[in-house]
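K.L.:
need a structure here:
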Amino acid sequence: MYTDLHITITSMLTLYLSPLLNARGIERPFAWLRKQGFTHNTAHRLLKQPVVMNLAYLEKLCSLLQCTPNDLLLFTPSAHTPLPAAHPLNGLVKKAEKENVAQQLRSLPLPQLDKVLDLIHQLQSGANDKEQAAP
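P.N.:
Modelled structure (predicted):
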């Protein structure tokens, strides 16, 4: 919540960083952010809510995590000011907490890990094909 000139604004957009870091298997988010070059204060602020951040930090996080700003933003609809169902902000409503992929992979038997690796190669091949086809 921000107060400026006697106007109170409750932000319904929040940074969805911790769940994304968890999904990437990053178990120590603060240490990881520091290792990536964020200052102590910035790393601390990025992991707290509410977050007010410089867009350069958002760009750096997207680059490091190979994601888009939409992946890092979470929209929580307000009961007081509902949006139409087709509103673009509704695309930022996250369905469930991201799972730690590395943790999930550790519990799979070897034959299933081979299938996951094959799927990863297929996905990477498809992404490379799209990059080569782009003008």
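K.L.:
rest of the way, CA atoms for contacts and neighbours
P.N.:
Will do.
K.L.:
show me where the protein has helices.
P.N.:
Assigned by DSSP state H, the chain shows helices spanning 17-23, 29-35, 40-46, 55-65, 69-72, 101-106, 110-133.
K.L.:
out of these, nearest to Leu83?
P.N.:
Within the helices of the chain, the stretch nearest Leu83 is helix 69-72; the backing value is 17.8 Å (CA to CA).
K.L.:
Buried residues, the closest one. List them.
P.N.:
Neighbour-count burial for helix 69-72 flags Pro69, Asp71, Leu72 (criterion: 16 or more other CA atoms under 10 Å).
K.L.:
who's in contact with the second one?
P.N.:
Which is Asp71. Tyr16, Leu20, Leu92 (CA atoms under 8 Å, 6 or more residues apart in numbering).
K.L.:
do the same with the last one
P.N.:
Each residue near Leu72 by CA under 8 Å, 6+ apart is listed here: Leu15, Tyr16, Leu17, Leu20, Cys62.
K.L.:
what's the closest of the buried residues of helix 69-72 to Ile26?
P.N.:
Proximity of the buried residues of helix 69-72 to Ile26 (CA to CA) peaks at Leu72, which lies at 15.1 Å.
K.L.:
Distance of the closest one relative to Arg24?
P.N.:
Distance of Leu72 to Arg24, computed by CA to CA, to the nearest Å: 13 Å.
K.L.:
again, but for His44
P.N.:
Separation of His44 from Arg24 (CA to CA): 19 Å.
K.L.:
just to revisit the earlier point, just name the most buried of the helices of the chain.
P.N.:
helix 17-23 (a mean of 19; mean count of other CA atoms under 10 Å).
K.L.:
what packs against it?
P.N.:
Counting contacts by 3 or more CA pairs under 8 Å, 6 or more residues apart in numbering; DSSP states H and E, helix 17-23 is packed against helix 69-72.
K.L.:
Just the C-alphas of the helix it packs on, formatted as CSV.
P.N.:
Provided in CSV are the C-alpha atoms of helix 69-72 (Å, rounded to 0.1, in the frame of the first residue of the first chain):
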residue,chain,number,x,y,z
PRO,A,69,8.0,-9.6,-17.1
ASN,A,70,4.7,-11.4,-17.2
ASP,A,71,6.3,-14.4,-15.6
LEU,A,72,7.6,-12.2,-12.7
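K.L.:
This completes my enquiry, with thanks.
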